[in-house]
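**Q** just to be clear, the model below is a prediction. Sequence and coordinates:
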Protein chains: 2
Amino acid sequence: MKLKYTIAAVAAAFCFTATPSAGAVEVDVASTFPKDMLFLGDGLKQFAKAVDEISKGDIKIKIHGAGDLVPALEVLNAVSSGAVSGGYDWVGYWGGTIPVANLVGALPFGPTPEVLAEWIWEGGGMQIIQKAYDAHNVKFLPCVVVPAEPAGWFNKEIKSVADLQGLKMRIGGLAGRALTKVGVSPQMIPGGEVFVSLERGRIDAAEFSLPAIDESIQLQKAGKYYYFPGWHQPSSINSVTFNKKVWDGFTDLQKNQITTACRSSFLWTLTNGVPEQLATLKRMEKGGTTIKRLPDEVLAALRKATNEVIEEERKRDPLFDEAYGSLSAYIEGADRWKALQSLK
Amino acid sequence: MKLKYTIAAVAAAFCFTATPSAGAVEVDVASTFPKDMLFLGDGLKQFAKAVDEISKGDIKIKIHGAGDLVPALEVLNAVSSGAVSGGYDWVGYWGGTIPVANLVGALPFGPTPEVLAEWIWEGGGMQIIQKAYDAHNVKFLPCVVVPAEPAGWFNKEIKSVADLQGLKMRIGGLAGRALTKVGVSPQMIPGGEVFVSLERGRIDAAEFSLPAIDESIQLQKAGKYYYFPGWHQPSSINSVTFNKKVWDGFTDLQKNQITTACRSSFLWTLTNGVPEQLATLKRMEKGGTTIKRLPDEVLAALRKATNEVIEEERKRDPLFDEAYGSLSAYIEGADRWKALQSLK
């Protein structure tokens, strides 16, 4: 046996019961999601659990659900000012303040989760995004990746671009802006009101989240057609953020433990997301939901409109432009690799 | 500021200089690869670094390159007997002893790295494989995933199945067995001799590894055509293994730190592998390498031959059969999701 034990006997005698250790910290994290929300909430729990497990309980992440400490859409401001030490969010919420957040929040016709993962962790993405967050005094950690969301629920069949004309749809971000170019009226409605709005006919269509999450708020009882693909959000990132002063106050050990736990929860979301969606789709189909793909003509029109919106955004913000250029070059390379390696 | 410090003052006074702590361990890990091998060796280094960083140096992974402690192909036996505490390997090396190892080592026409990651971490794969390893007294941890390898180097153009007839090719595993069914004579030649064998014409074709690794042993100077796709190895796992007694001797904290570090290195290999391959291919093309795809007819023949080999293997080993059934069902679901979400 080659296992060696290095025993610091004196220290051991005194340290044996010292749990938590000197320097143990508890960090409040305010979430933009309800604490127990399926998958999206679970991603943060996986992160907090991993931090706890690998730090011997020396770092406790105290999770606060949406609204508990600050309103959901105030999380970034609160972390930026130091009112709260940490945050957890769908990055896309900050697209108005930080344009590059749109890129990892929901880039229409953007990368798959795998390619986004490559770019953000190893392709230079993290560094560009951090530059944008530096201005807000916030450390950015991409700890959750979300699979493509379906295009959404529609209460009439979409056979052509003309069928989009005049639709009121719950959707936001760059995709919402693209939809206005093809005649849709996008509306931002809080999660808690989406079901009622669609069911009562106040809106004609709605996108919310993944099938399993949509099912948890009963959208299959309010919408008839469930359309794919998720052109508006082929992948997206939820981030854990820390106020810069809090982050800088961590020891190297704590920073390493937090970053490694973040990577572990990222892998969890990357590997855990899809199977549950498939099971959900089968249940929905049994319950009467019609699952369809948007016609190619409609996707082509949406792609054209998206390209216009992206060009506008590139002119508006230099960091968005830099990030988009970097991501596009990355995707081009990844596409070549996929084409070469495709087995079909 | 909501950051709270819980200070155990008495313990702190005595523990301050205690590095490494009581219970610190150093674990020897014998690799089947040269210690400094590009990517394959780096994956293990990433794991060892993460373990060190998050354990405050309390767990040291001491890496031994191929042949330093035991011959490369003796690593599993050495870990199984306890002669060495830990191992690091391409899982496919053990396909003769543990049939299910072929499935995660290199399953021809198998899953992409992303889908293999989903199945192994969250789709039940790990549990089935561990069942097979239990019989050998070994704990199995999938800490590295390798992108698809190219189909290999050929010194003549492959235009049809007839062109494969009589070729001597360096390749092993299930793919080698499939190739015999279409007239190829597969040969297992150690890494260090592949270049010379191909360059001197002792063999007509060879697969070794990823483009960047193939380049590092100069295969572009011995082979003319570089063929894709990597039908024989669309994804593969390198594992870190521990003798069961060693693993069981770890505390829960140590087990958590090792597992989380393993997840972190897995994410590194999942996100780091592709960009370098693309840059390498560009360099090779400039140097005169012709990059081609195998004709559809050839791929169809290889797929048919592969299916026969897999059926033989399923009859030979119940665990291979169980794992193959589980993985196939998983892939079927993942394919439906991909088709629904495809943007093209």
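**A** Yes, it's here.

**Q** how about the spatially closest residue to A:Asn256 that is not a sequence neighbour, secondary structure?
**A** Distance criterion C-beta to C-beta, 6 or more residues apart in numbering or on different chains; nearest residue to A:Asn256, sequence neighbours excluded, is B:Glu53 at 4.0 Å. For glycine as for every other residue, the C-beta is placed from the backbone atoms N, C-alpha and C. Secondary structure of B:Glu53, reduced to three states by DSSP: H, G, I helix; E, B strand; the rest coil: helix.

**Q** go on, A:Lys159?
**A** Reducing the assignment to helix, strand or coil with three-state DSSP, the entry for A:Lys159 is coil.

**Q** contacts only, for the residue nearest to A:Asn256.
**A** Shown here is B:Glu53, whose contacts under the criterion C-beta atoms under 8 Å, 6 or more residues apart in numbering or on different chains are A:Leu253, A:Asn256, A:Gln257, A:Thr260.

**Q** quick one: which of these is most hemmed in?
**A** With neighbours defined as other C-beta atoms under 10 Å in any protein chain shown, the most crowded of the contacts of B:Glu53 is A:Gln257; it has 27 neighbours.

**Q** and that one, how far from chain B?
**A** Plainly put, A:Gln257 is 5 Å away from chain B if you go by C-beta to the nearest C-beta, to the nearest Å.

**Q** can you give me phi and psi for that residue?
**A** Dihedral angles of A:Gln257 (phi, psi; degrees, to the nearest 10) stand at phi -70, psi -40.

**Q** what residues of stretch A:280-293 count as buried?
**A** Within stretch A:280-293, the residues scored as buried using 16 or more other C-beta atoms under 10 Å in any protein chain shown are A:Thr280, A:Leu281, A:Met284, A:Thr289, A:Arg293.

**Q** now, which of those lie within strands?
**A** If you go by DSSP state E, the buried residues of stretch A:280-293 have A:Arg293 in strands.

**Q** and which of the buried residues of stretch A:280-293 is nearest chain B?
**A** A:Arg293 (6.8 Å; C-beta to the nearest C-beta).

**Q** residues touching the closest one, list them.
**A** Taking C-beta under 8 Å, 6+ apart as the criterion, A:Arg293 is in contact with A:Tyr227, A:Phe228, A:Pro229, B:Leu340.

**Q** just these: which are in strands?
**A** Cross-referencing these with the strands (criterion: DSSP E) gives A:Tyr227, A:Phe228 as the overlap.

**Q** can I get the contacts of A:Arg293 in JSON lines with distance to A:Pro147?
**A** As requested, these are arranged in JSON lines below (distance: C-beta to C-beta, whole Å):
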{"residue": "A:Tyr227", "distance to A:Pro147": "16"}
{"residue": "A:Phe228", "distance to A:Pro147": "12"}
{"residue": "A:Pro229", "distance to A:Pro147": "11"}
{"residue": "B:Leu340", "distance to A:Pro147": "11"}
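
**Q** from the contacts of A:Arg293, pick the one nearest B:Asn238.
**A** For those, the minimum distance to B:Asn238 (C-beta to C-beta) is 32.1 Å, reached by B:Leu340.

**Q** the closest one reaches A:Pro229, doesn't it?
**A** Yes. Counting by C-beta atoms under 8 Å, B:Leu340 touches A:Pro229, with 6.3 Å between them.

**Q** for stretch A:87-96, list the C-alpha coordinates in PDB.
**A** Only the C-alpha atoms of stretch A:87-96 are listed here, as PDB (Å, rounded to 0.1, in the frame of the first residue of the first chain):
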ATOM      1  CA  GLY A  87     -26.600  36.900  -5.700                       C
ATOM      2  CA  TYR A  88     -27.900  34.200  -8.000                       C
ATOM      3  CA  ASP A  89     -29.700  35.100 -11.200                       C
ATOM      4  CA  TRP A  90     -30.700  34.400 -14.800                       C
ATOM      5  CA  VAL A  91     -28.000  36.600 -16.300                       C
ATOM      6  CA  GLY A  92     -30.500  37.900 -19.000                       C
ATOM      7  CA  TYR A  93     -32.300  40.000 -16.300                       C
ATOM      8  CA  TRP A  94     -29.400  42.500 -16.500                       C
ATOM      9  CA  GLY A  95     -29.300  42.900 -20.200                       C
ATOM     10  CA  GLY A  96     -30.600  46.500 -19.900                       C
END
